[in-house]
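Colleague: This is a predicted model, with the sequence first.
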Amino acid sequence: MNLIFEERSESELKNQVKKVFNAVIHNEPYVIRTSGTTGTPKKISSDLKKALEKKKPGKHNEKWLLTYGPERWAGISVILHVIKSKASLYIPKSLEFKEIIETGIKYQTTHVSMTPSMFRSLMLSDSEQKLDNIPFSQVTFGGEAATQSVLDLAAKIWPKSRISHVYASTEFGDISAVSDGLEGFPSYKFDKYSFTQDNELLVNGLNTGDIWEKKNERYYFVGRKEEIINVGGNKVSPLKIEEFAISKGAKFARAFGIKSPIMGSLVGLEYVGDIDEKNLMIEYRKIFSKFECPVSIKRIDDVVLTNAGKTRRLL
Amino acid sequence: MKSKDEIFEKICSFIEEVSLGNIHANHIKPGDKIIVDLGLDSLDYAAVMLQLEQWTGSKIDENKVNWAEVQSVAQLSKLFGG
C-alpha cells in the first residue's frame, strides 16, 4: 500500500491519516465521530482490524483520492479499502476543494468516494473546469442521497467512469449500493428491511431516522426524519425542493425549515447560481403545491457544508 | 425602530411579492383584511409574517397573539410596532 502525501511537512490531515494507519497496523481501538444517522453526532470506538477483515479487496493499481476527513467513518473506510487492496491513497494538503482537484489532476487518481454536496462544491471550486482531467474510473457517492442531477452530471464529466451510489451508515454499515445510473434503489434491495407507518426504514428492527418513498419498484430517499419540513401538517422533502432549484440552473441548493408562528414551519431556500430569486419563486409556484414552495429564497455566494461534507439543513 | 409608515409600506411590498404581483402595493389600504379582502391564503399570510420578522429582526411569540385581532394590514403593522 502506498500513502502519497501532497504536504511534505507535518499537517493535521497527514497526522490523522497516519493515526488511522497505525491503529490498523498495531490493532488498536480507534475513536471515530459519526455524523449522527441515529441521532446527534457522537464518538464511537471502532475495531479497525475487524473492519478491515470485512472489507472486500479492490485492485492494487487503484489510485484513490482522499476527500473525507480520516476522523470520520467515510474517510476511514477509504483508508481501509486502500490497505486491503494494497492500492495507493493520495492525500491533498488539506481538504479544501481546490486542493482536492489539484491532487487528483497531479496524480491522475482513478477512484473517489464523496458526498453529492462535496461533488457540487468541487464543481463550484473548479473555475477552470479541470475536473474532467482526473481520469476517474470509479466514482462512489455516499453520505447523502445521490439525486438524478448528480448522477447525470458525474456521468457527463467522467463518461468512462462507473458511477455508483451507496446507502450506508456508521451504525448499520452498507445497506445498499447500485451502479445503474438511476436515482434511488431497486425495491428488491430493500426486501429484507421493514418500514414504520411513517415510511421510516428499519434495519434489524432499529430505526434509521431515514424516510423513504416507493415509486415504480424503486425506493427514493425523502430525507432525514428531523429534516422533513412540516408546513401546517404537510410534509415537505428538502431534497425535492433542492433538486428542482438545480434543475432550474442552481449549482447548489439548500432547503430548510423556518419556524412560523402561523404554519409551524415554512420552507426556506438558499442557492448558488445565476437564476433570479423572483423567477425561481415563480417557477416553484408553477410546479409545486403552495405549501412546498419556498417563501424565502436567497442567492448566496458560498456553500458551507457540515464537517461530514453534507448539506446543512437544520438551523 | 421602524416608523408606522415604513412598516405599512413594507407590508404592502411583501404582499405584492407573495402574490407574485397580482396585488399592487399602491392599491392596499390600512383597513384591508389580508385574507378576506386581499384574497391571500394562510400560507401567504405566514410568508408575509416571516418577511416582516426578518426585516424587523423581531420574533413573534404565537402564544401571545390573538390572531382574530391581526386580520387587517393596519393590525399586522401594529403587531410589529407600527
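Modeller: Done, it's in. Numbers count the residues shown, from 1 in each chain, chains lettered A, B, ... in the order given.
Colleague: gap between the two ends of stretch A:121-133?
Modeller: Using C-alpha to C-alpha, to the nearest Å, one end of stretch A:121-133 lies 17 Å from the other.
Colleague: what's the spacing between it and its chain's center?
Modeller: Stretch A:121-133 has its average C-alpha position 18 Å from the chain's average C-alpha position, going by C-alpha atoms, centre = their mean, to the nearest Å.
Colleague: now it: mean pLDDT?
Modeller: This predicted structure assigns stretch A:121-133 an average pLDDT of 84.
Colleague: quick one: contacts of it?
Modeller: Counting by C-beta atoms under 8 Å, 6 or more residues apart in numbering or on different chains, stretch A:121-133 makes contact with A:96-98, A:100-101, A:104-105, A:114, A:153, A:157-158, A:251-252, A:272, A:303, A:305, all of which sit outside it. (Glycine included, C-beta is placed from N, CA and C.)
Colleague: mind redoing it with 7 Å?
Modeller: Applying C-beta atoms under 7 Å, 6 or more residues apart in numbering or on different chains, the set of residues contacting stretch A:121-133 from outside is A:97-98, A:100-101, A:105, A:157-158, A:251-252, A:272, A:303, A:305.
Colleague: how about the residues of chain B near chain A?
Modeller: Chain B has residues B:20, B:42-43, B:45-47, B:49-50, B:60, B:62, B:65 near chain A, with proximity defined as C-beta under 7 Å from any C-beta of the partner chain.
Colleague: Off-centre distance for the helix or strand hosting A:Ser121?
Modeller: Taking DSSP states H and E as the criterion, A:Ser121 maps to helix A:116-125. The chain centre lies 10 Å from the centre of helix A:116-125; the measure is C-alpha atoms, centre = their mean.
Colleague: any idea which helix or strand comes after it?
Modeller: Going down the chain from helix A:116-125, the next helix or strand is strand A:138-141, by DSSP H and E.
Colleague: Buried residues in the next helix or strand after that following strand, which are they?
Modeller: Of the helices and strands lying after strand A:138-141 in sequence (DSSP H and E), the nearest is helix A:148-157. Under the neighbour-count criterion of 16 or more other C-beta atoms under 10 Å in any protein chain shown, helix A:148-157 has A:149-151, A:153-154, A:157 buried.
Colleague: and of the residues you listed, the nearest to chain B?
Modeller: Distances from those to chain B were compared by C-beta to the nearest C-beta; the smallest belongs to A:Ser149, at 26.0 Å.
Colleague: you'd agree the closest one is up against A:Ile246?
Modeller: Yes - here A:Ser149 lies in contact with A:Ile246, judged by C-beta atoms under 7 Å, at a distance of 4.9 Å.
Colleague: Show the contacting residues for the residue nearest to A:Gly58 when sequence neighbours are not counted.
Modeller: Leaving out its chain neighbours, the residue that sits closest to A:Gly58 by C-beta to C-beta, 6 or more residues apart in numbering or on different chains is A:Ser85, at 3.9 Å. When contacts are counted by C-beta under 7 Å, 6+ apart, A:Ser85 is found next to A:57-60, A:62.
Colleague: A:Lys86 too?
Modeller: Residues touching A:Lys86, when contacts are defined by C-beta under 7 Å, 6+ apart, comprise A:1, A:60.
Colleague: Report the separation between it and chain B.
Modeller: Separation of A:Lys86 from chain B (C-beta to the nearest C-beta, to the nearest Å) stands at 55 Å.
Colleague: Now the phi/psi pair for that residue, please.
Modeller: The phi/psi pair for A:Lys86 (degrees, to the nearest 10) reads phi 50, psi 40.
Colleague: Could I get the phi/psi values of A:Tyr167?
Modeller: Recorded main-chain torsions at A:Tyr167 are phi -120, psi 120, according to degrees, to the nearest 10.
Colleague: How about A:Gly181?
Modeller: Residue torsions, per degrees, to the nearest 10, at A:Gly181 are phi 80, psi 10.
Colleague: now it: how far from A:His165?
Modeller: For A:Gly181, the distance to A:His165 equals 10 Å [C-beta to C-beta, to the nearest Å].
Colleague: for A:Leu269, what are its contacts?
Modeller: Taking C-beta under 7 Å, 6+ apart as the criterion, A:Leu269 is in contact with A:241, A:245, A:253, A:255, A:294, A:297.
Colleague: redo that, cut-off 6 Å
Modeller: When contacts are counted by C-beta atoms under 6 Å, 6 or more residues apart in numbering or on different chains, A:Leu269 is found next to A:255, A:294, A:297.
Colleague: So in terms of bridging, what pairs with it?
Modeller: A:Leu269 forms beta bridges with A:Ala255, A:Ile297, as assigned by DSSP bridges.
Colleague: which pair in the buried residues of helix A:148-157 spans the largest distance?
Modeller: Of all pairs drawn from the buried residues of helix A:148-157, the widest gap by C-beta to C-beta lies between A:Ser149 and A:Ile157 and measures 12.5 Å.
Colleague: ok, and the closest non-adjacent residue to the residue nearest the centre of chain A?
Modeller: The geometric centre of chain A, computed from its C-alpha atoms, lies nearest to A:Thr115 (C-alpha atoms, centre = their mean), at 2.2 Å. Nearest residue to A:Thr115 in three dimensions, chain neighbours excluded: A:Gly143, at 4.0 Å (C-beta to C-beta, 6+ apart).
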